[in-house]
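# dropping the sequence and predicted coords here.
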Amino acid sequence: MSERPTVSPDSDGRGARTSERGSALILALMVALILAFLGVGLLLQTSLGLQASGTDRWVVKSLNAADSGLMMAVEMVQLGFVVDPTSGGGPSTLSFVLEDDQSSGGMLKGQYTVTLERMCEVEPPSPIIGYAQKYRQRYLHMEAASSRSVGGLVGTTQATVEADISVWPFDMSNFVPLSFCN
């Protein structure tokens, strides 16, 4: 007759195999470790998403600053106050600084340096039907760039906007000749 294995009582008085001692504790620690890794991963993903949305905000602001440079150039062309920026500049070359939100402080506040990099005629000015010879329509190609600087960091966000623009009615008495685009 064979003997049955005996189960020795634990200190709590219940019978349990000594080889299974602590397995529930190890299982609980593994589950806790997996949940901790999942939590850290979710936290990291959320913080990276916030950083990306902040970067997008500065890029959009920089694009808007460059676009405002184009609109300023169109207004100056209509008034006859712009020279060709590729011809060596001069006092009427378009370059200005936009200050970001005054209520923001620290890294949230910055300056955008906007420069008109290129402006040229696409084709000669054409007369507008129904107007006297004094008014014409001009076809211009323009490029403006903006660069955001914060503190001593220059160029942290940069954008360039390029556009073909039709300016009309243009008063030919304010005509400033521009070079033709190549």
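On my side now, so go ahead. Residues are numbered from 1 along each chain as shown.
# pLDDT weak spots in this protein?
For the chain, residues meeting the criterion pLDDT under 70 lie at 1-19, 51-55, 80, 82-93, 101-109, 130-133, 150-155, 174.
# which stretches in it count as helices?
Assigned by DSSP state H, the helices in the chain fall at 23-79.
# and the angle from the longest strand that the chain contains to helix 23-79?
Using DSSP state E to define each element, the chain has its longest strand at strand 153-171. Calculated by axes from the mean of the first three to the mean of the last three CA atoms, to 10 degrees, strand 153-171 forms an angle of 40 degrees with helix 23-79.
# what packs against strand 153-171?
With contacts taken as 3 or more CB pairs under 8 Å, 6 or more residues apart in numbering; DSSP states H and E, strand 153-171 sits against helix 23-79, strand 111-127, strand 135-150. In this view, the C-beta of every residue, glycine as well, is placed from N, C-alpha and C.
# give me the number of residues near the residue nearest to residue 162 when sequence neighbours are not counted?
Distances taken as CB to CB, 6 or more residues apart in numbering place residue 143 nearest to residue 162, at 4.7 Å, with adjacent residues excluded. Number of residues near residue 143 (other CB atoms under 10 Å) recorded here: 19.
# and residue 143, bridged to which residues?
Note on residue 143: beta-bridge partners residue 118, residue 162, judged by DSSP bridges.
# and it, what does it touch?
Shown in contact with residue 143 (CB atoms under 8 Å, 6 or more residues apart in numbering): 116, 117, 118, 119, 160, 161, 162.
# how about those residues, which pair is most distant?
119 and 160 (13.6 Å; CB to CB).
# who has more neighbours out of the two?
A count of neighbours by other CB under 10 Å puts residue 119 above the other of residue 119 and residue 160, at 27 against 16.
# show me what contacts the closest residue to the more buried one other than its chain neighbours?
Excluding the flanking residues, the one nearest residue 119 by CB to CB, 6+ apart is residue 142, at 4.8 Å. By CB under 8 Å, 6+ apart, the contact set of residue 142 is 70, 73, 74, 116, 118, 119, 162, 163, 165.
# can you put these in a markdown table and add distance to residue 149?
Supplementary listing: the contacts of residue 142 in a markdown table, determined by distance: CB to CB, whole Å:
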| residue | distance to residue 149 |
| --- | --- |
| 70 | 20 |
| 73 | 22 |
| 74 | 26 |
| 116 | 18 |
| 118 | 22 |
| 119 | 24 |
| 162 | 22 |
| 163 | 24 |
| 165 | 28 |
